[in-house]
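In: coords please:
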Amino acid sequence: MDVSRQRTLLVVFAIVLLVVTIFLMLSRLYSVVRNASAVESVGVGIYWDSNCTKPVTFIDWETLSPGSTTSVGVYLRNNDDNMIVRELLVRTENWSSSKASENMQLSLNCSAEVIHLNQTVRAYFQLYVSDKIVGVTTFAFNIVVSSSGYYAGDVDHDGEVGPFDVALFSCAYNSTPIDPSWNPDADFDWSGKIDMHDFSSLESNYGKNS
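Out: Numbers count the residues shown, from 1 in each chain. All right, here's what the predicted structure looks like:
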């Protein structure tokens, strides 16, 4: 191999090595370092195993990247002796970072339409990270899962999502707890504001009855 070709190969190798190094540095810079979320539940048990012997008390999200969605599989069991679970209410609280709160979204997807007494079903927590998140290297928040015997949208709790629920929802729309028109039964996602997210729940459940 002549000297000129050897120098060219060395230059190419150096450039490739530099690019790889920069890529790894940027990946570390723009990745969200793993952390754990505490998990609480009311009315429904959350477990790691189908025998319901290992309760889920926290979730380690590991290392997350902008624009990614991470799924964690769990088992849900209806521990309420007097209620068929028709709706699972999920909220997050006590975020350690406002940037993380604004750029992450948690959901709980269940394999069953309803959960009968003592029934166990498969479910998945999903955490979406916006591709616009920057400057977050760690985060923490609490997850609270509660069950309801009424469908989201059943404002008057008569067992059916119908026109009267739409009327009640309309009266409370765009309100918060400090407003005279506030109706906590219309705040289906527990966000502290009755908005389009709640309307979407009502719309998707309209016509359902228990």
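In: immediately after the least confident helix or strand in the chain by mean pLDDT, which helix or strand?
Out: Of all helical and strand segments in the chain, the minimum by mean pLDDT, DSSP states H and E falls on helix 3-30, at a mean of 57. The helix or strand immediately downstream of helix 3-30 is strand 36-42, counting by DSSP states H and E.
In: That following strand: how far from the chain's middle?
Out: Centroid separation between strand 36-42 and its chain, computed with Cα atoms, centre = their mean, to the nearest Å, is 12 Å.
In: Identify all contacting residues around whatever helix or strand Gly73 lives in.
Out: Applying DSSP H and E as the criterion places Gly73 in strand 69-78. For strand 69-78, contacts defined as Cβ atoms under 8 Å, 6 or more residues apart in numbering pick out 43-50, 52, 56, 59, 61-62, 64, 84-85, 88, 110, 115-129, 147. From N, CA and C alone the C-beta is placed, and that goes for glycine too.
In: Of the residues you listed, just the buried ones, ChimeraX syntax please.
Out: In ChimeraX, this line selects whichever of the contacts of strand 69-78 come out buried by 16 or more other Cβ atoms under 10 Å:
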select :43,44,45,46,47,52,56,59,61,64,85,88,110,115,120,121,123,125,127,129,147
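In: what secondary structure does Leu202 sit in?
Out: Recorded secondary structure, Leu202: helix (DSSP: H, G, I helix; E, B strand; the rest coil).
In: pLDDT at it, what is it?
Out: Note on Leu202: pLDDT of 89.
In: Report the residue spans of the chain with pLDDT below the cut-off.
Out: The chain contains residues with pLDDT under 70 at 1-34.
In: Could you list the domains of it?
Out: The chain is divided into the following domains under automatic domain parsing: 1-30, 32-149, 152-210.
In: Go ahead and measure how far the last one is from the middle of the chain.
Out: Chain-centre distance of domain 152-210: 20 Å, with Cα atoms, centre = their mean.
In: Enumerate every residue touching the nearest residue to Phe164 once chain neighbours are set aside.
Out: Leaving aside its sequence neighbours, Phe164 sits nearest to Asp156 (Cβ to Cβ, 6 or more residues apart in numbering; 6.1 Å). Taking Cβ under 8 Å, 6+ apart as the criterion, Asp156 is in contact with 164-165, 168, 185.
In: Fine by me, thanks again.
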